[in-house]
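*Asks:* I'll drop the sequence and a predicted model, then ask my questions.
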Amino acid sequence: MSLATRIVDFFSRKKKIDEPAQEGKLKQAKMGKMTARDRIEAILDDKSFHEYDLFVEHKSEDFGMDKKYLPRDGVLTGTGTILGYPVCIYAQDFTVAGGSLGLAHARKITKIMDHSIKLGIPLIGINDSGGARIQEGVNSLAGYGEIFYRNTLASGVIPQISVILGPCAGGAVYSPALTDFVFVVDNISKMFITGPEVIKTVLGEEISMEDLGGARVHAEMTGNAHFFANSELECFEQIKKLVTFIPWNSSKKPEKFPVKLPKINMNFNDIIPKEPTKPYDIRDVIKAIADDSDFLEVQELWAANIVIGFTRFNGETVGVIGNQPLVLAGVLDVDSSDKAARFIRFCNAFNIPLLTLVDLPGYLPGIDQEHAGVIRHGAKLLYAYSEASVPKITIILRKAYGGGYIAMCSRHLGADFVFALPQAEIAVMGPEGAANIIFKKEITESDDPDRTRKEKVDEYIQKFANPFKAAAAGYIDAVIVPEEMRDYVLHSLHISTNKQEARPSKKHGIPPF
Amino acid sequence: MNKEVFDLNIDDTLYETKLTKKFASRKPYIPHNPKLVYAFIPGTIREIFIKPGQLVEIGQDMLVLEAMKMKNLIKSAIRGKILKVHVQINQTVAKNELLIEYE
């Protein structure tokens, strides 16, 4: 065979694989979806995608599979860059056997996963698959298992991003669930363990795919998804933005950006109401102190009583956790503890300092909370904060009552810097409740219980509803005015660059999950 | 998230705040009543061994609830007289649907 013939042969082989893609484009478009290749190209920098394993073929022979050629075995894998950042990427191709996962398909994925762990660069997985390739039997299950194993090995080593752009059902959902960030798109993403048909057959309950495991369900109800978008293109913009905030791997820090002053110049007294019972949006405070007022919120729609996300101070990424007085008065509960704890662990694993903004009345009372395990879930937050060894900065804006005070990265959980505004109230509980307990006898025996209660509440406010008892004990380092917040954060970060903490050596801790 | 602002009582203090969908739609707690027997799983009633007015002993077979390909034999947890059987053979029942009521 001459060289020219060989080259012609190569191109004809390549064409054979790429040809069905055109047909696939139409199929995907009918479902309102982009093709696997278009998705990769839309996420990555122009012409940066380098595909591997184009010629991989499956070896299965049963059920007529020996006569079926599946281009790329239904998954594209390769490397590329996003705004210059290197990434490993794979995208399941729904137009090839429904994106079903057989052993060769899985091995392409595990190969690119191994690559990303070795190279120390983020992994992005685009899921669009009907599930296991049933013809391959246990080999297909083996494929899933090998992916989950690597997701776990890679956890905390490289950032792992999952993008759900089609069905992701059955065992397949556990790969995204093991990764750090899950992106979903309205009307396109579907995730569930057992689908509507099985549920109907077995249990007689009817539900649509969308209501069972659509994008909204996972963004609002289950907390499985971290980012919700209305279109694939919006989703890709979110991915690009996230990538700029996180480092390549756990031995690195996130890229430093040029320092920008907050865009929004707001009067803090206009943002934070004087009365501790009045609501405000904690995100306004974050934006008023952060570089360029830029804040990438994570899990915006789930457990909205706590706000988490990435921002920058002095050009460096900071993970922010803030109670949200606008929703459920900013209380801690099962979901908000869970949400914040996982975020804190991500930040700690990837060298991202933590800024905690505190304004909460405590834990949410209720039978449903107790029975849903608020003890176990609440403990996750204590664990995550105590475990975190990155610089930890805490600012108490207003209320910090009871167990909530301790849990929100107090000095006692190892905060490096704790500041409080003059209007901060650091106490066991709010003045009303405290007065009703401490002065119960005086109030019930009084000729005018309402007046006595009010007097006692005022007495309590005078004595305890301020930051000075905590300051006198050294539990907070400085009382600052709101206008000083940014400066204190910048300075604290600046001087913590070389922070080191000696901790007992261990194989690993046992967090309450 | 609910758009309106409500009062949320935490330790005798009322906080003005929005509620989450989950919080707004939480179900009131109903204490356990041993005289009411509910389906612990959705499924189909395959057999009924009791009728109203009958006195049943602890551990006595009452009905078979088939679910997830398993025939679950429902036995009486108490000694008492049956007031009403709320289901019929081959009826599908939802989770937590009332099956049997004692007097």
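*Replies:* Happy to help now that I have it. Remember, it's a predicted structure, so these values are computed and weren't measured experimentally.

*Asks:* could you turn stretch A:210-217 into CSV, dropping everything but the C-alphas?
*Replies:* This file holds the C-alpha atoms of stretch A:210-217, laid out as CSV (Å, rounded to 0.1, in the frame of the first residue of the first chain):
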residue,chain,number,x,y,z
GLU,A,210,-40.0,16.3,34.2
ASP,A,211,-41.8,16.2,37.6
LEU,A,212,-39.9,13.2,38.7
GLY,A,213,-36.3,14.3,37.9
GLY,A,214,-36.3,17.4,35.7
ALA,A,215,-33.8,20.2,36.0
ARG,A,216,-36.1,22.2,38.3
VAL,A,217,-36.6,19.3,40.6
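
*Asks:* what's the average pLDDT for it?
*Replies:* Mean per-residue pLDDT for stretch A:210-217: 96.

*Asks:* can you pull the buried residues of it?
*Replies:* Buried residues in stretch A:210-217, counting neighbours by 16 or more other CB atoms under 10 Å in any protein chain shown, are found at A:L212, A:G213, A:G214, A:A215, A:R216, A:V217. (Glycine included, C-beta is placed from N, CA and C.)

*Asks:* and these near chain B, which?
*Replies:* With CB under 8 Å from any CB of the partner chain as the criterion, the buried residues of stretch A:210-217 include none near chain B.

*Asks:* can you count the residues close to the residue nearest to B:T92 when sequence neighbours are not counted?
*Replies:* Taking CB to CB, 6 or more residues apart in numbering or on different chains, and ignoring the residues beside it in sequence, B:T92 has A:G204 as its nearest neighbour in space, at 4.5 Å. Using other CB atoms under 10 Å in any protein chain shown, A:G204 has 14 other residues around it.

*Asks:* got a list of what A:G204 touches?
*Replies:* Contact partners of A:G204, counting by CB atoms under 8 Å, 6 or more residues apart in numbering or on different chains, are B:P42, B:G43, B:T44, B:T92, B:A94.

*Asks:* Show me which residues of chain B sit near chain A.
*Replies:* B:1, B:5, B:8, B:10-23, B:26-27, B:29, B:41-44, B:67-69, B:92, B:94.

*Asks:* could you dump the contacts of A:G204 to CSV with pLDDT and neighbour count?
*Replies:* Output for those, formatted as CSV (pLDDT from 0 to 100; neighbours: other CB atoms under 10 Å in any protein chain shown):
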residue, pLDDT, neighbour count
B:P42, 87, 19
B:G43, 88, 25
B:T44, 91, 17
B:T92, 89, 16
B:A94, 87, 13
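
*Asks:* Among these, give me the pair with the biggest separation.
*Replies:* B:T44 and B:A94 (11.3 Å; CB to CB).

*Asks:* Can you name every helix or strand that the strand or helix carrying A:R398 contacts?
*Replies:* Applying DSSP states H and E as the criterion places A:R398 in strand A:392-401. Secondary-structure packing of strand A:392-401 (3 or more CB pairs under 8 Å, 6 or more residues apart in numbering or on different chains; DSSP states H and E): strand A:354-360, strand A:417-420, strand A:425-427, helix A:485-495.

*Asks:* Need the winner for burial among the ones you listed.
*Replies:* Scoring these by mean neighbour count under mean count of other CB atoms under 10 Å in any protein chain shown gives strand A:354-360 as the most buried, with a mean of 26.

*Asks:* ok now it, how far from the chain's centre?
*Replies:* Relative to the chain's own centre, strand A:354-360 is displaced by 17 Å; criterion: CA atoms, centre = their mean, to the nearest Å.

*Asks:* by contact count, what packs against that strand?
*Replies:* Counting by 3+ CB pairs under 8 Å, 6+ apart, the packing neighbours recorded for strand A:354-360 are helix A:282-289, strand A:316-323, helix A:334-349, strand A:392-401, helix A:402-407.

*Asks:* Name every strand pairing with it and say which way it goes.
*Replies:* strand A:316-323 (parallel), strand A:392-401 (parallel) (DSSP bridges).
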